[in-house]
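Novice: got a predicted structure plus its sequence, pasted below:
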Amino acid sequence: MIIAIDGPAASGKGTLGKRVAAHYGLAHLDTGALYRAVARDALAAGGDLADAGAALAASRALDPATLGDPCLRTPALGEAASVVARDPDVRAALLAYQRDFARKRPGAVLDGRDIGTVICPDADVKLFVTASPEERARRRYKELEACGVNITEALVLADIRRRDERDSGRETAPLRQAEDAYLLDTTNLDIDAAFRAAIDLIDAAMGCAGRVV
Ligand code: DC
């Protein structure tokens, strides 16, 4: 069983992906972490993100064991990840890892931007999770504030809008809802309500409430 969850920055798809995976006993891959790690490694090697070679080298040498690094969650790496993710060669270098992850038994939940459209077009269920930019900025600002990051909500909103534009406007694998994806708008839902709505959609799509794999 493969579940694809796509959506824009700070839509809650990561938290949802983790909970959905635990609910069905599946593995979970936050594919945004791959692009964040590529940006981290390219920068650490002294590379300039405007230089395609640095990101490509980092994507080819990526060590998946480093994907749990908490430093990947910073706003700066989110922005840098969105920049390196425009490069079709970087995307190609990360494709096999994602597909292999999805194919392993008993199955997986992958969240990102192009899971339903490019990585797993044959996923059993596809969700497109979104929320208004203002609500996403509010949630992300609260998270950052709780971690002691000194930033304003207006700056977080500007960052989210810039990333939405870059991720949706790029030529290769842009952020978009797959034709057969269910839309889940979480603007007015807290995480528990969003989780229940996701499970209801998935169970209905699988044609049998509570079915596993
Ligand atoms: O989901 P996230 O915020 O951690 O993702 C960081 C960036 O990585 C995002 O702005 C665009 C890129 N990304 C992508 O292009 N494709 C994916 N499947 C996941 C993330």
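Specialist: Sure thing, it's come through.
Novice: pretty sure Val129 sits against Leu184.
Specialist: Yes: between Val129 and Leu184 there is a contact at 4.9 Å, judged by C-beta atoms under 8 Å. In this view, the C-beta of every residue, glycine as well, is placed from N, C-alpha and C.
Novice: between these two, which is the more surrounded one?
Specialist: Val129 (26 against 22; other C-beta atoms under 10 Å).
Novice: touching both of Val129 and Leu184, which residues are there?
Specialist: Ala194, Ala198 (C-beta atoms under 8 Å, 6 or more residues apart in numbering).
Novice: where along the protein do the strands fall?
Specialist: Secondary structure of the chain (DSSP state E): strands at 2-6, 27-30, 108-112, 125-130, 182-185.
Novice: which one of the ones you listed lies nearest to Gly46?
Specialist: strand 27-30 (26.5 Å; C-beta to C-beta).
Novice: among the strands of the chain, which comes closest to the ligand?
Specialist: strand 108-112 (2.4 Å; C-beta to the nearest ligand atom).
Novice: compute the inter-axis angle for the closest one and strand 125-130.
Specialist: Counting by axes from the mean of the first three to the mean of the last three C-alpha atoms, to 10 degrees, strand 108-112 lies at 30 degrees to strand 125-130.
Novice: pass me the low-pLDDT residue ranges in the chain, would you?
Specialist: 208-213 (pLDDT under 70).
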